[in-house]
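Colleague: here is the input, now give the coordinates:
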Amino acid sequence: MPRLSVRLVSDGVGDGEFPRLQLPVRLTNPLTGKKLTVNALVDTGAQVCVVDWHIAAALGHLHAHPDVKEAPVHAVGATTQAKIHTFDIELRDPKQPDRILFRAPNLKVQCLKSPFPCILGVRGFLEHFDIRIRYPQRTATLKW
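Modeller: Model (predicted):
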């Protein structure tokens with residue numbers, strides 16, 4: 001069973017000092033072939049994956065296209081609309097960035113304004129992993 005062990009990071013986003021599990025992922029628009037590698041937040045409470053609106057546009061997704069579907073997003077204390085776009089999401093090895101550890105192709109992702117470039121949710125991505133987070137040690141292990 002493959003596994004990845006990483007350190008949690010405190011990156012100054014939000015409350016800043018709270019350690020978070022972030023993983024390097026490559027986002028690809030399968031329609032344009034445009035790619036970008038970002039650090040994605042692992043959110044085990046998120047049902048779906050989210051990509052920031054601006055990153056989706058930079059990779060060639062057209063938010064105003066008539067074929068783009070929308071979906072309501074219910075977050076803590078608010079509801080907003082997200083555009084649904086397709087991405088390939090690849091988990092990359094933090095020590096060898098060219099090495100692909102896991103790939104989720106043709107994943108329907110919600111695109112909206114977000115403080116994180118990408119949020120990895122359960123459906124289509126995290127559901128494939130056994131995740132153990134050890135906050136006192138500031139480490140996490142993923143198995144798949």
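Colleague: show me what counts as buried in the longest strand anywhere in the chain.
Modeller: Counting by DSSP state E, the longest strand found in the chain is strand 78-92. For strand 78-92, the neighbour count (16 or more other CB atoms under 10 Å) marks 82-83, 85, 87-92 as buried. Every C-beta, even on glycine, is put in place using the N, C-alpha and C of the backbone.
Colleague: looking at the residues you listed, spot the one nearest Leu101.
Modeller: Leu91 (4.6 Å; CB to CB).
Colleague: for the nearest residue to that closest one once chain neighbours are set aside, which residues are in contact?
Modeller: Closest residue to Leu91 apart from its sequence neighbours, by CB to CB, 6 or more residues apart in numbering: Phe102 at 4.1 Å. Contact partners of Phe102, counting by CB atoms under 8 Å, 6 or more residues apart in numbering, are 2, 90-91, 128-129, 144.
Colleague: next, give phi and psi for Phe102.
Modeller: Phi and psi for Phe102, reported as degrees, to the nearest 10, are phi -160, psi 150.
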